[in-house]
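A.B. asks: Based on what follows, work out the 3D shape:
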Amino acid sequence: MPLNIPNLLTWARILLIPLVVGVFYMPLSVGEQNFIATTAFLVAAITDWIDGWLARKLNQISAFGAFLDPVADKLMVAAALVMLVKLDRADAILAFVIIGREIAISALREWMAHIGARKSVAVSLIGKLKTIAQMTAIPMLLWHAPIGPLNIVWLGTLALWVAALLTLWSMGYYLRKAWPEISERSR
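C.D. replies: Numbering: from 1, shown residues only. Next up is the predicted model:
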């Protein structure tokens, strides 16, 4: 495992997961819990962008980093969604759709890489839009309070629905791209 700045940022993102979840079990006010969880999630989201940018800029791209980065993203999103369901701030079906898609597409990408066809399921624009919707919805729902005239709960819920729809769309897209390999190898 190469120990470089991008990989350290990815590990830091993983280490923030217990804070995002655990803060809701601490004897703090709801406002303090929301602030800490939202801040930790936003820091993780920002480090996700920074570690990828640094890996390219410093030429520190590694196979381990390419493996760990999406794992960290999926763990953070899944942990936050489970917590939001527990807090009754997100619908369990939406969380299931998003988490289930992440598991299915991760498995598909792993299988496609194993057979040498990973490029056919490379990240697409629809996948990036799905991530943007998730990374917009989750902090809003963790914050769970108005910001001035903005109804953050309503906006976060809307963004989570958009994320779930984009999740299904992107899953269909990736399955369609992989279908020739799937059908050929299932004979």
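A.B. asks: max-length helix in the chain?
C.D. replies: Identified as the longest helix of the chain according to DSSP state H is helix 152-185.
A.B. asks: Any idea how far that helix is from the middle of the chain?
C.D. replies: 13 Å (C-alpha atoms, centre = their mean, to the nearest Å).
A.B. asks: How about stretch 19-29?
C.D. replies: That offset, for stretch 19-29, works out to 21 Å (C-alpha atoms, centre = their mean).
A.B. asks: how long is that stretch end to end?
C.D. replies: From the first residue to the last, stretch 19-29 extends over 15 Å; the measure is C-alpha to C-alpha, to the nearest Å.
A.B. asks: Buried ones in it, by neighbour count?
C.D. replies: Applying a neighbour-count criterion of 16 or more other C-beta atoms under 10 Å, one finds 19-21, 23-24 buried in stretch 19-29. In this view, the C-beta of every residue, glycine as well, is placed from N, C-alpha and C.
A.B. asks: contact partners of stretch 33-49?
C.D. replies: Residues from elsewhere that reach stretch 33-49, judged by C-beta atoms under 8 Å, 6 or more residues apart in numbering: 9-10, 12-13, 16-17, 19-20, 23-24, 26, 28, 69, 72-73, 76, 80, 83, 135, 138-139, 142-145.
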